[in-house]
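Colleague: What follows is a protein structure lacking sequence information:
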């Protein structure tokens, strides 16, 4: 029986709950409220008598050679000043006051960015001034800076996103832009700038550092990118944001894997963000052990054709169908298409044609562009280009980004693979003699019957944006806080042209300053030769790849997957590092150890 | 300096780590290993002197009326036997031995299914036999049963998926199928069957219960579905799996929301699984407070046209653009298109035509089907159908499922909305007088300039499969375990034709048996009139919807979102229930309270 009293009580409860729910607006969910007051691990180099302090840095005995002869002429000031020696902490703290430091985000967001600023602020303390640059490099050009206070920064402690400052992808390249930056530096009397960004943004940081030597304004970069392609051996084991993003993708992929033997009827093709490199796909593969994972760098090394790749997928689809398993999960790295040699040549040709005819092409629609280019292409390329499904053709002719890169995330590679595998399966049914029999796919008549009845049903997914702004994992939260402390320490010490980095992630964490010039090499992009930071690709002789290569054939034909589950901020799985980092850097365990825990509440 | 010794140590570490990584295969990630040994909460009705036991049930004083006159004639045995009284626990335990019980999953997976079986097994104890039916209802027809042991079941404790048994969507409907089920019942001497499924599967359970009265085999249903459309007021506050799925979607939507003010340039249209009802979209909206959330039931109640819906979205897009916010997130319920009255009529007409011409249409390709139907449609419908983008037309003509439902997940509603909003924005720029000015969208010349420069960039997402098989939340893990205990208790007591349910989720949990017949009503599907369990839709006068309606205009123009983060199995957010459940049922807090914690390790 429901009484009037009950009804009244329910109404009061609902009113009360509604109030509580409204209080969760503006990033005040239970977890966000908890994280804002949670601690991070801090390397002992930044703790002096129990207090967080900036560390003094000095050149170590390690000198890093420049990668090629084009670098030094572009950086006369930096090369002379730094002599490409690695900087290491002296063990002393440094006490400096009166400096003005600005910080900005550049490029796509990655989890932990806010904690970099927090660490930077702790390093600067209350006797230096910290400015936030709004909307990325653009804000540095226009002079859109604001004063960061501990109070406003505390609202984003341990939270994801770049929204505290905003970000953009402006590349500072014209002389005028450089002059505008100089004006900003003078206007705000800046002694230092921290650029939190990926490989292209850190390239920009290097040129800016060189340019601003005359203003005695130091520039330091911080390695950010979910793509994981900003690595430098032991010096930069990984960029921040990679751990959080891959764990989010691994949760989703694990759930989808878990779905397949339950519903038993879908092949899921999952494209993963990560631009050119396949680090994300490899890490997610190690976390989840899916049916198949394509690694772009391997395709390139083995000079595979698209036809070979399709056949290798279709073989596994068929072999599983013979076992009654009409399902599976295929991981596809975002940048794959650029790594297939025949495509590489095609894209190079397209880049050149598009640069050459950019004025004409600007006036054309998607379909007109396809026809226009088709007619301009040399015969070899024209055949391959013509054989592609229409949507792929259109996507290959989209505008390049400001760094001359093809926007690979726009290419529906997962759909291309699905269409081509479907056609191949059909061919296997129509021409069984070509594919089945001794020395080919071995099969009994009964099994073959299963294959004939098998229906290739597919789903496609693209996981990208959902991985860039999650609350950072314990690892990313701590790693970035220490990177911020390092960046602040370097700037207070007047060191310029360095990347703030942290090594020994399993042994207490060791902050270093890595000369940006030592990371640069010469590349051909679009129609230009450029000196840029080298993108780190998956090395197919690395322990992580070799482990994957040793296990994958087992994963392909057995449901050996694991489902790592959602990121935990508590409990036994909370402090795991990326498996590729642990494997490639010889950790003795999968957890991180960066110093001691420090509370971050105001 | 890296020494030979270091290299050797690294190699040993890598080898050691590789071994550890291989041990995580087959669902042995750190979290899965932890969860397998984690506890659940159990209602006191199942704990007798500290030991888990089946509970005795008896008719309560509550009698539930049949919904219409077509029900009773179809269930003469059940209606006579049960008299539609609710069953409640007597407070005593029940001790029965020698019974053979079978359990099966039906339909799409939902998190917690494995824990239902665990609860069922605990209720049966060691003196009764538990069979697992493989591959859903199909396995019941073919007699594909196996013996479940505590040891094999322990491998899936607290884990997601339906893979322990498999599942399918076979509807038992022909006389021959019923006879085959009878043979299975006789062959395995079954005294009871548990059907874990959604509304259609529980409808099937009711008919099977009626049919098997003559075999003295009892049938009990368990309310499963991530869609949340199997609810029955206080008796079934929610189906299991809804909590886990919506929290997974909320994590992703929260991350995407967090991304928008960071990158400041995308409108994300996110379609959410959930079939007809918008419970999933509403719950995710309450969790994350996105820019816009479409609720199908409201469109239907307000008789909105597609044009009106598009205009309402475009207005918000424009108003935000005027404020310099070129971004936002729109949640789209999967089944939306069926709820727009003009579409409803169109779909009804299409269903009838497709049933009428099914033989002819089976022979046609997608494009041919479109032309064929276009010619058969009455003029009113032909215009609306013809105005739709091509992909939508094709999808509307896909085969219906075995229950006669349109497969709404296949319709790219999110893309339809994007295309139409884009066109509307273009129109707003071309014909500003129609949209801007006093009494319309008020705007200053400077703001209008911002709108003209605004570029509508969009991304679409569909979150579905990734939410069905996550490890269950603490709530779903406990809820399902108690549902299993209830189902087992009902069967041991010989009660048939009931749904196992649990009420008072905030006050200790109270198990009940709900007569399946009381949930049924008469519906028109395809060309048939059917007696089925009524789908629960979002009620626009419910507290949850009214709260949403009161806050949404604030959410639309301000970035008031929160990011609830990933499901936590530890810590302060771990025991939250769905907000719609707490609001609609007058909870005094957002946590659940179902009895006391019990360890589940073997």
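Modeller: Received the coordinates, thanks. Every value quoted in this text rests on a predicted model; they were computed, and no experiment measured them.
Colleague: got the residues of the stretch 201-350 of chain A near chain B?
Modeller: Applying Cβ under 8 Å from any Cβ of the partner chain, we find that the stretch 201-350 of chain A lies next to chain B at A:248, A:251-252, A:254-256, A:258-259, A:261-264, A:266, A:268, A:286-287, A:289. (Glycine included, C-beta is placed from N, CA and C.)
Colleague: Restricted to helices, list these.
Modeller: A:248, A:251-252, A:254-256, A:258-259, A:261-263, A:286-287 (DSSP state H).
Colleague: Would you reformat these as JSON lines and include neighbour count and pLDDT?
Modeller: JSON lines is the format used below for those (neighbours: other Cβ atoms under 10 Å in any protein chain shown; pLDDT from 0 to 100):
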{"residue": "A:248", "neighbour count": "27", "pLDDT": "98"}
{"residue": "A:251", "neighbour count": "31", "pLDDT": "98"}
{"residue": "A:252", "neighbour count": "26", "pLDDT": "98"}
{"residue": "A:254", "neighbour count": "31", "pLDDT": "98"}
{"residue": "A:255", "neighbour count": "26", "pLDDT": "98"}
{"residue": "A:256", "neighbour count": "26", "pLDDT": "98"}
{"residue": "A:258", "neighbour count": "31", "pLDDT": "98"}
{"residue": "A:259", "neighbour count": "29", "pLDDT": "97"}
{"residue": "A:261", "neighbour count": "19", "pLDDT": "95"}
{"residue": "A:262", "neighbour count": "23", "pLDDT": "93"}
{"residue": "A:263", "neighbour count": "24", "pLDDT": "89"}
{"residue": "A:286", "neighbour count": "25", "pLDDT": "98"}
{"residue": "A:287", "neighbour count": "26", "pLDDT": "98"}
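Colleague: Just name the closest of those to residue B:457, please.
Modeller: Nearest to residue B:457 out of these is residue A:248 (Cβ to Cβ; 22.6 Å).
Colleague: got the contact list for the spatially closest residue to that closest one that is not a sequence neighbour?
Modeller: Leaving aside its chain neighbours, residue A:248 sits nearest to residue A:467 (4.4 Å; criterion: Cβ to Cβ, 6 or more residues apart in numbering or on different chains). Going by Cβ atoms under 8 Å, 6 or more residues apart in numbering or on different chains, residue A:467 touches A:226, A:244, A:245, A:246, A:248, A:249, A:273, B:255.
Colleague: Tell me which other helices or strands the helix or strand where residue A:355 lies touches.
Modeller: Residue A:355 belongs to helix A:341-356 when assigned by DSSP states H and E. Here helix A:341-356 touches helix A:296-301, helix A:366-376, helix A:379-387, helix A:390-396, going by 3 or more Cβ pairs under 8 Å, 6 or more residues apart in numbering or on different chains; DSSP states H and E.
Colleague: Distance to residue A:144, mean neighbour count and mean pLDDT added to these, as JSON lines?
Modeller: Formatted as JSON lines, the helices and strands packed on helix A:341-356 follow (distance: least, Cβ to Cβ, whole Å; neighbours: other Cβ atoms under 10 Å in any protein chain shown; pLDDT from 0 to 100):
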{"stretch": "helix A:296-301", "distance to residue A:144": "38", "mean neighbour count": "20", "mean pLDDT": "96"}
{"stretch": "helix A:366-376", "distance to residue A:144": "35", "mean neighbour count": "15", "mean pLDDT": "88"}
{"stretch": "helix A:379-387", "distance to residue A:144": "43", "mean neighbour count": "13", "mean pLDDT": "84"}
{"stretch": "helix A:390-396", "distance to residue A:144": "34", "mean neighbour count": "17", "mean pLDDT": "80"}
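Colleague: May I see those arranged in a markdown table, with distance to residue B:600 as well?
Modeller: Formatted as a markdown table, the helices and strands packed on helix A:341-356 follow (distance: least, Cβ to Cβ, whole Å):
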| stretch | distance to residue B:600 |
| --- | --- |
| helix A:296-301 | 42 |
| helix A:366-376 | 56 |
| helix A:379-387 | 56 |
| helix A:390-396 | 49 |
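Colleague: Of all these, which one is nearest residue A:135?
Modeller: Of the helices and strands packed on helix A:341-356, nearest to residue A:135 by Cβ to Cβ is helix A:390-396, at 28.1 Å.
Colleague: How far away from the center of its chain is the helix or strand bottoming out on mean pLDDT in chain A?
Modeller: In chain A, the helix or strand scored least confidently by mean pLDDT, DSSP states H and E is helix A:390-396, which has a mean of 80. Its chain's C-alpha centre and that of helix A:390-396 lie 25 Å apart, by Cα atoms, centre = their mean, to the nearest Å.
Colleague: pLDDT weak spots in the stretch 1-150 of chain A?
Modeller: A:1-4, A:6 (pLDDT under 70).
Colleague: Go again with 50.
Modeller: Applying pLDDT under 50 to the stretch 1-150 of chain A flags residues A:1.
Colleague: which stretches of it form helices?
Modeller: For the stretch 1-150 of chain A, applying DSSP state H, counting those that start in this stretch gives helices covering A:4-23, A:30-36, A:71-74, A:76-82, A:113-124, A:137-142, A:150-154.
Colleague: packing partners for the longest one?
Modeller: It refers to helix A:4-23. helix B:543-557, helix B:579-584.
Colleague: Please identify the most buried of these.
Modeller: helix B:579-584 (a mean of 25; mean count of other Cβ atoms under 10 Å in any protein chain shown).
Colleague: and that one, how far from the chain's centre?
Modeller: 16 Å.
Colleague: quick one: is it near chain A?
Modeller: Yes: shown here: helix B:579-584 in contact with chain A (Cβ under 8 Å from any Cβ) through B:579, B:582, B:583.
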